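Peer 1: Here is a sequence together with a model predicted from it:
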Amino acid sequence: MSTADMSAWRQAWAQLTHEASPFAVTPDHTGVPEFSKAPRTLIDALQVGRAHGAKPFLQWQDQRYTFDEFFRAADQLTAALQKDLSIRAGDRVAIAMRNRPEWMIAFLAAVQAGAIPVPVNSWSATEELLYAIDDCDAAVVFCDPQRYAQLTGLEAETAVVLVDAEPQRVGDYSWPKLLTRTPEEAELASPAPQDPALILYTSGTTGRAKGAVSNNKAVCQALYALEFQGAFAYMTSEERVRPLIESGLQPTLLLAFPLFHVSGLFSQFLGALRGGRRLVILYKWDVDQALNTIRDEKVTQFAGVPTMMQQLIHHERFASEDTATLFALGLGGSAASTALLARLLEIKPMALSGSGYGMTETNGVGAAHSGNQFVAHPESVGWPLPLVQVVIGESPDKPAAAGTSGPIWLRTSALMDGYWKKPDETRAVLQDGWYYTGDVGYLDADGMMFITDRIKDIIIRGGENISAVEVEHCVCEHPEVEEAAVFMLPDAVYGESVAMVVYSRNVLSEADLMAFMAERLAAYKLPTRIWFSDEPLQRSATGKLQKAEVKKAFAGLD
Ligand code: AMP
């Protein structure tokens, strides 16, 4: 990377964040940087989507929606939420479906009714699904037939709305019947910027998933940060953006991230809704299907977790005419290998590729880069965004020496308020407005950020976070299990995989154990490698499980 490049990027950054720019950044009353011209409520932020009118917006199976049709359905559902389901401001509306248009309509309707949408991990086992719906005390849950079948044990206070089929249980609502209201009956809510706008469940280090609650302002800041990134890419890599503009194609994204994940929700769905982009939704991830869709639907942008990107760009058809319209490629969700980054740059050298670093708790905001900046430093995650302050060190008031690696703390106007009804867990990660990420990294002399390690005890398999403690708690519920240690193993396909060592006094079969866990945990969290120990697991003098020692003894890895 040349010094000239670096100074041109700095100049573009300064110009874009200058007080006269739409992306002006100023400190808020507590000194945290924010985009001062960003919308203040999610309702306001999403209404701009109406201006895209008759342009195509969504495509899934045989369903098609223009922006007008999408908003019409969302308005009808807003009216139904308010008038048929008596939803009031602040009520939680859970969404438990695979990616499909009704997911997004339910989300917008919940926002417009003043409720708090709660996307639920649709890969959850029944217990996990019921836990999340119960934990957030959902007034309504929208579900598809697969999730409906899991919801038999739900508390009666939660109304259930089923898409795609007639409900079997008395009192449940069918989607088509709710959509008989007229759009004019909807009364758009008017929340305050500090009112909660969103709860996203995330697997942390302490067992069960926790709901990260973000207010309207934080969510809007995160959305606006995406637009800042687009503007910065255009200013610094115009030659990479121009082919898309000159193609005359409507920017079209292949939606592969799950919508319950921060990347799918913000950078794909909500970003497209504001920006007039089309979303083509895959039924489920399948690389051949993805390539057919890119070809047939003239997909212009693809973003995915490294596992998906790896399958896609190593496929023999990727270098063919099938991907001729694919002008932009983005990585997110977890670390990408150097080999994957090299291949990405080699196979589409002129694409607007990029990557970033963020998490559920900051609504995806952290650091990011694309275009020429990404090409110059693919192994970095880019500059921290202008609404983010970073401290590397053991605590935010004790920064490590410049350039040294250490725990990463972030302070940003896109940060969550805390975990839903979990003050202790909130206190464990928030300190005077600083968020403890549990990741390790450093900033180089040019201010570029590098992620080097992870302290928190999670496993990120194909972009999905898995709490090691949650898996340990689950297996220890088995009456024959004395103790267990769950840890990460490197995996060629998913980046990381779940491994487990179990100690039991009696003979236990792996099949029995797996069947026991499969009833309680989502399939992606199940261990793919299990060892049985003949003796209790190594513990320190104070009784703390020595996981690193156990891992070394059984897997032979540090
Ligand atoms: P989630 O809340 O599911 O989005 O997961 C956030 C976590 O994923 C971060 O705290 C990191 O541990 C990891 N992560 C996200 N992006 C990256 C990246 N570019 N490089 C390394 N780790 C990442």
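Peer 2: Ah, there it is.

Peer 1: Contacts for the one helix or strand A342 maps to, please.
Peer 2: When secondary structure is defined using DSSP states H and E, the element that contains A342 is helix 338-347. With Cβ atoms under 8 Å, 6 or more residues apart in numbering as the test, helix 338-347 has contacts from 306, 309-310, 313-314, 318-319, 329, 331, 353, 355, 375, 378-379. C-beta here means a position set from N, CA and C on the backbone, and glycine is covered the same way.

Peer 1: helix/strand/coil for the residue in the stretch 201-350 of the chain positioned nearest to the ligand?
Peer 2: Going by Cβ to the nearest ligand atom, the ligand is nearest to A335 of the stretch 201-350 of the chain, at 3.4 Å. Local secondary structure at A335 is given as coil here, using DSSP: H, G, I helix; E, B strand; the rest coil.

Peer 1: returning to what we had before: now the helix holding A342 - C-alpha only, PDB.
Peer 2: Extracted in PDB, the C-alpha atoms of helix 338-347 (Å, rounded to 0.1, in the frame of the first residue of the first chain):
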ATOM      1  CA  THR A 338      -5.400 -16.100   4.300                       C
ATOM      2  CA  ALA A 339      -5.900 -18.700   1.500                       C
ATOM      3  CA  LEU A 340      -9.600 -17.700   1.100                       C
ATOM      4  CA  LEU A 341      -8.700 -14.000   1.000                       C
ATOM      5  CA  ALA A 342      -6.000 -14.700  -1.600                       C
ATOM      6  CA  ARG A 343      -8.300 -16.700  -3.800                       C
ATOM      7  CA  LEU A 344     -11.000 -14.100  -3.500                       C
ATOM      8  CA  LEU A 345      -8.700 -11.400  -4.800                       C
ATOM      9  CA  GLU A 346      -7.300 -13.600  -7.500                       C
ATOM     10  CA  ILE A 347     -10.600 -14.800  -9.000                       C
END
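
Peer 1: Return the distance of that helix from the chain's centre.
Peer 2: 23 Å (Cα atoms, centre = their mean, to the nearest Å).

Peer 1: What of stretch 416-427?
Peer 2: Averaging C-alpha positions (Cα atoms, centre = their mean) puts stretch 416-427 19 Å from its chain's average.

Peer 1: Does that stretch reach the ligand?
Peer 2: No - between stretch 416-427 and the ligand, judged by Cβ under 6 Å from any ligand atom, nothing touches; the nearest distance is 10.6 Å.

Peer 1: mind checking the end-to-end distance for that stretch?
Peer 2: End-to-end span of stretch 416-427 (Cα to Cα, to the nearest Å): 12 Å.

Peer 1: same check, this time on stretch 168-178
Peer 2: Distance across stretch 168-178, first residue to last, is 16 Å (Cα to Cα).

Peer 1: Where does pLDDT dip in the stretch 101-250 of the chain?
Peer 2: 204-207 (pLDDT under 70).

Peer 1: close enough to count as contact, D439 and F450?
Peer 2: No - using Cβ atoms under 8 Å, D439 and F450 do not qualify as a contacting pair, with a distance of 10.6 Å.

Peer 1: Could you tell me which residues of the stretch 351-500 of the chain lie near the ligand?
Peer 2: For the stretch 351-500 of the chain, the contact set with the ligand under Cβ under 6 Å from any ligand atom comprises S355, Y357, M359, T360, V381, T437, D439, I451, R454, I460, N465.

Peer 1: let's see it at 5 Å
Peer 2: Neighbours of the ligand within the stretch 351-500 of the chain, by Cβ under 5 Å from any ligand atom: Y357, M359, T360, V381, D439, I451, N465.

Peer 1: which of these tops the neighbour count?
Peer 2: Across those, neighbour numbers were computed from other Cβ atoms under 10 Å; Y357 holds the maximum, 28 neighbours.

Peer 1: got a list of what the closest residue to that one other than its chain neighbours touches?
Peer 2: Across the structure, with Cβ to Cβ, 6 or more residues apart in numbering as the measure, the residue nearest Y357 apart from its sequence neighbours is V381 (3.8 Å). Under the criterion of Cβ under 8 Å, 6+ apart, the contact partners of V381 comprise S355, G356, Y357, G366, A367, A368, H369, M449, F450, I451.

Peer 1: Of these, which belong to strands?
Peer 2: Secondary structure assignment (DSSP state E) places S355, G356, Y357, A367, A368, H369, M449, F450, I451 from these within strands.

Peer 1: Dump those residues to JSON lines, plus pLDDT.
Peer 2: JSON lines is the format used below for those (pLDDT from 0 to 100):
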{"residue": "S355", "pLDDT": "93"}
{"residue": "G356", "pLDDT": "93"}
{"residue": "Y357", "pLDDT": "95"}
{"residue": "A367", "pLDDT": "98"}
{"residue": "A368", "pLDDT": "97"}
{"residue": "H369", "pLDDT": "94"}
{"residue": "M449", "pLDDT": "97"}
{"residue": "F450", "pLDDT": "96"}
{"residue": "I451", "pLDDT": "94"}
